[in-house]
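Undergrad: Got a sequence here, can you model it:
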Amino acid sequence: MKSGTRIQLSFMMFLEFFIWGSWFVTLGTFLGANLHADGKETASVFSTQSYGAIVAPFIIGLIADKYFNAEKILGVLHLIGAGLMFLMFRADNISTFFPYVFGYMVGYMPTLALVNSVSFRQMTNPEKEFSSIRIWGTIGWIVAGLLISYVFHWDGKPGIEAGQLKNTFAMGSAASLILGLFSFTLPKTPPIKNKNEKDSIGSLLGLDAIKLLKNWNFLVFFISSILICIPLAFYYQNAHRFIEQTGIENVTAKMAIGQVSETLFLLLIPVFFSKFGFKKTILVGMLAWAVRYALFAYGNGTDLSFMLLIGIALHGICYDFFFVSGQIYTDAQAGEKYKSAAQGLITLATYGFGMLIGFWVAGFITDYYTTHPVENFWRQIWLIPAGIALVVFLLFLALFRDGKKQVA
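TA: Numbers count the residues shown, from 1 in each chain. Now for the predicted structure:
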C-alpha cells in the first residue's frame, strides 16, 4: 500500500471513531443531567444504536454494494450526520433530541462497515495490513475522551450538573463535517456486485447463514451472543454516569483506559487461541463481564476507587475475548460461501437484537430502583448484569462442546 493511501485510511479511521467517542461515552450522563431523562427515555435513546445496526445491512446491501461508490456514500452520510449532530447540540429536551439521535444512528451505523470496505479494497494482504489502520480508530476514541476531560473540561465536577456536555455534540458535528468532506478524497471504491443481481431480505440480514444454527456449538454460541449483550448494554448506558457520581474526576478520560486495554488484549488473542482454544478464550471474556460488574457494585470513588479503574480496564478482555474471538470463530465455521452472511447474522443478533433487549432491561431496572429506593442504588443496578453474565458463562461452559469440526 502506498504511504499516502495508508495516511488517508488512518485519518479516516481516526475521525470515524473520534466522532463516536466524542459523545457516546458521556451520553448517559448528558441525558440525566441536561435533559433530565428517566430510565425508559435513556433506554430509548441508546436503543437507536440497535435500530441503526438493524437498518445498516439494508443501506449497505441495497445501496453501497450495488449502485454507488462506498467513499461517496460515506461522505454523504457523515455530512448529513454533521447536521443532525448540530441539531442534537441545540436540543434542550428529550422529545426534541430523540428524533435527531435516531436519524443520526441510522446513518452512522452503516459507516462502520463502509470504512472497512474502503480500507479492505486498498489492501493486498488485509490480515497483516488492516490492524495497523484500524488501531487509529481506537486512538481517535481515546483522544476524544482526553479532550473532553483534560482540554475542554466538559465533564464537570462531581456532584455538579455537567451542563457543558452538550458541547460534545458540537465537537462531534465538526469532526463529522471534516470526515464528510474528506471522504470524497478517499481512493475510489466502486461497487463490485452485478447491478442486476437481486438480493433477498434474508441475504442482506445475514439470514442465508441460518443453516449454521443446525450445528449445536454454533447455536449455543449464537444464543450466548444475544444474552451477553444484555449486561453489555448496562455498561454503555450507565457506566459514565455511575463513575461520575462516585466522585471520580475526569471520567471520560479515565474510561478511555478501556480502549487502551482493548488494544493491548487484541494482541493476546492469537496466543490464547493457540494455547487454550476457542471455548476457554471466550469463557474468559464472559467471566470478565461478571467480574467487572462485581467490581463496580462494591467499589467506590475513594478508598476503593482502584476497583472501578480495574473494572474499566477489563473492557479489553470483555470485548476482545468474546466479540473478536466470536468473529474469528464465526468466520471459521461458516465456510467460504457464508462468511459475510454469518458475520451479518452475528452482528444483527448482538448489536441489533441483543443490545436492544439489553438497553430496555437496563432502563427498566433503573426506573424500578428509582421508584423503589434501596440503600445502595448502584450496587443493586450492577449486581443484575453481573448475575446475567455469570449465568451465560455457566450455560456456555455446560453446553458448548469442544471440537474442531467446521460447518461446510
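Undergrad: Any stretches of this protein with poor pLDDT?
TA: Scanning the chain for pLDDT under 70 picks out 60-66, 127, 156-162, 192-208, 335-341, 343, 403-408.
Undergrad: can you tell me which residue is nearest the centre of it?
TA: With distances taken as Cα atoms, centre = their mean, the chain has Tyr351 as the residue nearest its mean C-alpha position (7.4 Å).
Undergrad: Spit out the contact partners of the nearest residue to that residue once chain neighbours are set aside.
TA: Setting aside the residues directly before and after it, Tyr351 is nearest to Ala53 in space (Cβ to Cβ, 6 or more residues apart in numbering), at 3.9 Å. For every residue, glycine as well, the C-beta is placed using N, CA and C. Listed by Cβ atoms under 8 Å, 6 or more residues apart in numbering, the contact set of Ala53 reads 109, 347-348, 351-352, 355.
Undergrad: before we move on, the earlier item: can you pull the contacts of the residue nearest to the centre of the chain?
TA: Applying Cβ under 8 Å, 6+ apart, the residues near Tyr351 are 49-50, 53, 109, 229.
Undergrad: need the residues you listed in JSON lines with distance to Ile7 and secondary structure, can you?
TA: Shown next, in JSON lines, are those (distance: Cβ to Cβ, whole Å; DSSP: H, G, I helix; E, B strand; the rest coil):
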{"residue": "Gln49", "distance to Ile7": "30", "secondary structure": "helix"}
{"residue": "Ser50", "distance to Ile7": "34", "secondary structure": "helix"}
{"residue": "Ala53", "distance to Ile7": "30", "secondary structure": "helix"}
{"residue": "Met109", "distance to Ile7": "26", "secondary structure": "helix"}
{"residue": "Cys229", "distance to Ile7": "35", "secondary structure": "helix"}
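Undergrad: Quickly check those for the two that are furthest apart.
TA: Met109 and Cys229 (15.0 Å; Cβ to Cβ).
Undergrad: just to revisit the earlier point, among the contacts of Ala53, which are located in helices?
TA: Among the contacts of Ala53, DSSP state H puts 109, 347, 355 in helices.
Undergrad: Restricted to buried residues, select the contacts of Tyr351 in PyMOL.
TA: A single PyMOL command selects the buried members of the contacts of Tyr351 (16 or more other Cβ atoms under 10 Å):
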select buried, resi 49+50+53+109+229
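Undergrad: so which of the contacts of Tyr351 comes closest to Phe182?
TA: Closest approach to Phe182 among the contacts of Tyr351 (Cβ to Cβ): Met109, at 19.7 Å.
Undergrad: Leaving out sequence neighbours, find the closest residue to the closest one.
TA: Met109 sits nearest to Gly52 (Cβ to Cβ, 6+ apart), 3.3 Å away.
Undergrad: Name the helix or strand for the one you found, please.
TA: helix 39-59 (DSSP states H and E).
Undergrad: buried ones in that helix?
TA: Within helix 39-59, the residues scored as buried using 16+ other Cβ under 10 Å are 39, 41-50, 52-57, 59.
Undergrad: Turn the contacts of Ala53 into a markdown table, columns for distance to Gly145.
TA: Listed next are the contacts of Ala53 as a markdown table, based on distance: Cβ to Cβ, whole Å:
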| residue | distance to Gly145 |
| --- | --- |
| Met109 | 21 |
| Thr347 | 25 |
| Leu348 | 29 |
| Tyr351 | 21 |
| Gly352 | 26 |
| Met355 | 21 |
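Undergrad: give me the number of residues near the closest residue to Trp216 other than its chain neighbours?
TA: Leaving aside its sequence neighbours, Trp216 sits nearest to Arg401 (Cβ to Cβ, 6+ apart; 6.8 Å). As a burial measure, Arg401 scores 10 neighbours (other Cβ atoms under 10 Å).
Undergrad: Need the three-state assignment for Arg401.
TA: Put simply, Arg401 is coil when judged by DSSP: H, G, I helix; E, B strand; the rest coil.
Undergrad: returning to that earlier point: how near is the residue nearest to Tyr351 to Ile346?
TA: Plainly put, Ala53 is 11 Å away from Ile346 if you go by Cβ to Cβ, to the nearest Å.
Undergrad: same check, this time on Thr246
TA: Distance of Thr246 to Ile346, given as Cβ to Cβ: 34 Å.
Undergrad: Trp154 too?
TA: From Trp154 to Ile346 the distance is 35 Å (Cβ to Cβ).
Undergrad: Comparing the two, which residue is more hemmed in?
TA: Ile346 (27 against 19).
Undergrad: shouldn't that one be in contact with Phe222?
TA: Yes. Judged on Cβ atoms under 8 Å, Ile346 makes contact with Phe222 at a distance of 7.3 Å.
Undergrad: where along the stretch 101-250 of the chain do the helices fall?
TA: Assigned by DSSP state H, counting those that start in this stretch, the stretch 101-250 of the chain shows helices spanning 126-146, 167-183, 201-204, 216-245.
Undergrad: how many neighbours does Asp320 have?
TA: 24.
Undergrad: Tell me the spacing between the spatially closest residue to it that is not a sequence neighbour and Ala313.
TA: Distances taken as Cβ to Cβ, 6+ apart put Phe265 closest to Asp320, at 4.5 Å, once the chain neighbours are dropped. Taking Cβ to Cβ as the measure, Phe265 falls 10 Å from Ala313.
Undergrad: again, but for Ala256
TA: 11 Å.
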